[in-house]
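A.B. asks: The sequence isn't on hand, but the structure is:
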């Protein structure tokens with residue numbers, strides 16, 4: 001009897017381990033790939049992603065669903081693109097210098113643009129920016145200690 005229980009337990013543990021290994025690629029495939037650039041810029045983006053996860057899990061989930069890559073470019077503003085099913089956020093060199101909370105706001109803002117692109121939502125560029133800044137403002141208001149200029153900047157762009 002004891003041997004039968006041990007055998008059943010062993011089979012149960014092996015099945016659970018097999019299922020865990022089988023499902024592992026699906027759990028890690030949602031990771032956003034961050035390009036290496038600058039002096040630890042990828043680590044700053046990683047920190048911003050952590051802030052987003054801790055501050056607003058729903059917005060974090062939308063970001064994970066629409067963005068597969070974060071890259072960097074020399075510009076005064078951040079942007080995004082959708083190539084096939086790959087959503088990419090381009091973080092500007094200017095935004096990198098403005099801190100982790102700003103980077104979190106940039107990722108949140110650009111993720112909504114990517115969502116609209118992916119869903120084929122049609123609106124004027126001004127309307128889309130208005131929605132994205134409102135979405136960003138919702139996030140800023142949940143931050144524990146946001147820099148005051150973040151909220152001022154979002155409000156300035158909301159019509």
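C.D. replies: Thanks, I have it. Remember, predicted model here, so these are calculated numbers, not experimental data. Numbering: from 1, shown residues only.
A.B. asks: can you give me the helices for this protein?
C.D. replies: Ranges of helices within the chain are 2-28, 41-55, 57-66, 93-96, 100-119, 125-140, 148-157, based on DSSP state H.
A.B. asks: Relative to residue 85, which of these is closest?
C.D. replies: Across the helices of the chain, residue 85 has its closest neighbour in helix 100-119 (8.1 Å, C-beta to C-beta). Any C-beta I mention is one placed from the backbone N, CA and C, and that applies to glycine too.
A.B. asks: Give the buried residues for that closest one.
C.D. replies: The neighbour-count criterion (16 or more other C-beta atoms under 10 Å) identifies 101-116 as the buried residues of helix 100-119.
A.B. asks: what's the answer for stretch 83-90, then?
C.D. replies: Buried residues in stretch 83-90, counting neighbours by 16+ other C-beta under 10 Å, are found at 87-90.
A.B. asks: what's in contact with that stretch?
C.D. replies: With contacts defined as C-beta atoms under 8 Å, 6 or more residues apart in numbering, stretch 83-90 is touched by 66-73, 75, 78-82, 106-107, 110-111, 114, 117-118.
A.B. asks: do stretch 56-65 as well
C.D. replies: Stretch 56-65 is contacted by residues 30, 32, 49, 52-53, 107-108, 111-112, 115, 135, 138-139, 142 when judged by C-beta under 8 Å, 6+ apart.
A.B. asks: Could you rerun that using 10 Å?
C.D. replies: 30-32, 49-54, 70, 87, 89, 104, 107-108, 110-112, 114-115, 118, 135-136, 138-139, 141-143 (C-beta atoms under 10 Å, 6 or more residues apart in numbering).
A.B. asks: Point out where this structure drops to low pLDDT.
C.D. replies: Residue ranges of the chain with pLDDT under 70: 1-30.
A.B. asks: remind me, longest strand of it?
C.D. replies: With DSSP state E applied, the strand covering the greatest number of residues in the chain is identified as strand 86-92.
A.B. asks: Could you spell out the sheet neighbours of it, each with its direction?
C.D. replies: strand 69-73 (parallel), strand 79-83 (antiparallel) (DSSP bridges).
A.B. asks: Residue 54 touches residue 101, doesn't it?
C.D. replies: No: between residue 54 and residue 101 there is no contact under C-beta atoms under 10 Å: 11.9 Å.
A.B. asks: and for these two, which residues touch both?
C.D. replies: Listed as contacting both residue 54 and residue 101 by C-beta under 10 Å, 6+ apart are 143-144.
A.B. asks: I am finished for the moment; much appreciated.
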